[in-house]
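> model the structure of this input:
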Amino acid sequence: MGHDHQGHDHTHGANKKTLLISFLVITAFMVVEVIGGVITNSLALIADAGHMLSDSISLFIALIAFTLGEKAANYAKTYGYKRVEILAAIFNGVTLLGISIYIFYEAYHRLSAPPDVASKGMLIVASIGLLVNILVAFIMLRGGDTKENLNMRAAFLHVLGDLLGSVGAVVAALLIIFFDFGWADPVASILVSLLILLSGWRVTKDAVHVLMEGTPANVDVPEIIQMIEHVDGVISIHDLHVWSITSGQNALSCHIVVDGSLTVEKSQQLLRKIEHELEHKVINHVTIQLETDTHPHEDSLMCKTDYATGSHDHHDDH
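Just a heads-up that it's a prediction; the model follows:
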């Protein structure tokens, strides 16, 4: 299990480094895009810059979340600060929703009376934006855990939305240059805001699910119940709870009623077998209470707690 923990630390460090590089690149270009959007009078560029601003904020919050998440567990926070990542993901999602509503509002007014847009300048800025977003998306895919880590995935979704936003701004600029379609600019910004809305909703929904102690998406509860009930000596299982502490760290607690004739040694073997099986089912923090069938609830055979997620010492000495 120590090996898993090392692996987690390694991806954690890689995530942080990736986020820092992405944050610096995005923030620098966002400033360029805001100036470009104002000079060229392009809502599509300003929409993309707005999304980049939310990117920049979200990457910064994600960085803070990872840093706080490293703080050791203590008596006040026995799980440590891992949940800060989930709070960051929620803030992220809500920011996205707010930005998309603002762009919808602006685009609605522009559709009725499309203003003049300096399309060549818009095309140059949007093209650079597209290249910057491709670079950042590549950095995140190569260096970060965008699949399992919710915080990292939220940041990556922001960047993907940006990338598509830049594509929209490039297409709108070309339509204005070649066909004089003034409406292309607000339409492109509406498409960007739809993308922002969708990714914002998904991230918020997933993060709320974790905060509500929902069952992790990669855990099959009926399969776990079946696995435990098929272990020799197990009579039944009750009070089962499965939840996520943070992205990629799943926990389980339950009471298992076992055959009263089992010796303590056999009970230990039974526990170890179950814990081993649960590890293969992506559950790395297990608390199981064994009870005998003669006195369920009252006469607990033993209580076994396995702090596989953080460390075995929950003190303030580091």
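> mind listing the helices for the stretch 101-250 of the chain?
Applying DSSP state H, counting those that start in this stretch to the stretch 101-250 of the chain gives helices spanning 119-143, 150-179, 184-211, 221-229.
> I'd like the ones you listed written out as JSON lines, with mean neighbour count, mean pLDDT and distance to residue 58 added.
(Each C-beta comes from the backbone N, C-alpha and C, glycine too.) Output for those, formatted as JSON lines (neighbours: other Cβ atoms under 10 Å; pLDDT from 0 to 100; distance: least, Cβ to Cβ, whole Å):
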{"stretch": "helix 119-143", "mean neighbour count": "19", "mean pLDDT": "90", "distance to residue 58": "12"}
{"stretch": "helix 150-179", "mean neighbour count": "24", "mean pLDDT": "85", "distance to residue 58": "5"}
{"stretch": "helix 184-211", "mean neighbour count": "22", "mean pLDDT": "87", "distance to residue 58": "9"}
{"stretch": "helix 221-229", "mean neighbour count": "14", "mean pLDDT": "93", "distance to residue 58": "32"}
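> can I get those in a markdown table with distance to residue 19?
Converted to a markdown table, these look like this (distance: least, Cβ to Cβ, whole Å):
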| stretch | distance to residue 19 |
| --- | --- |
| helix 119-143 | 8 |
| helix 150-179 | 6 |
| helix 184-211 | 15 |
| helix 221-229 | 33 |
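> low-confidence stretches in this structure?
1-12, 145-146, 148, 151, 295-318 (pLDDT under 70).
> again, only using 50
Applying pLDDT under 50 to the chain picks out residues 1-7, 298-318.
> just checking, what's the longest strand in it?
The single longest strand within the chain, with elements called by DSSP state E, is strand 234-246.
> got the buried residues for it?
234, 237, 242-246 (16 or more other Cβ atoms under 10 Å).
> run through who's touching it.
69, 79, 82-83, 85-86, 150, 210, 213-216, 219, 221, 224-225, 228-229, 250-259, 270, 283, 285, 293, 309 (Cβ atoms under 8 Å, 6 or more residues apart in numbering).
> pairing partners for it, with directions?
Take DSSP bridges as the rule and strand 234-246 pairs in its sheet with strand 249-258 (antiparallel).
> return the distance of the helix or strand following the partner strand from the chain's centre.
Once the chain leaves strand 249-258, the next helix or strand it forms, by DSSP states H and E, is helix 264-280. The chain centroid and the centroid of helix 264-280 are separated by 32 Å under Cα atoms, centre = their mean, to the nearest Å.
> mind giving me the packing neighbours of helix 264-280?
helix 221-229, strand 249-258, strand 285-292, strand 300-306 (3 or more Cβ pairs under 8 Å, 6 or more residues apart in numbering; DSSP states H and E).
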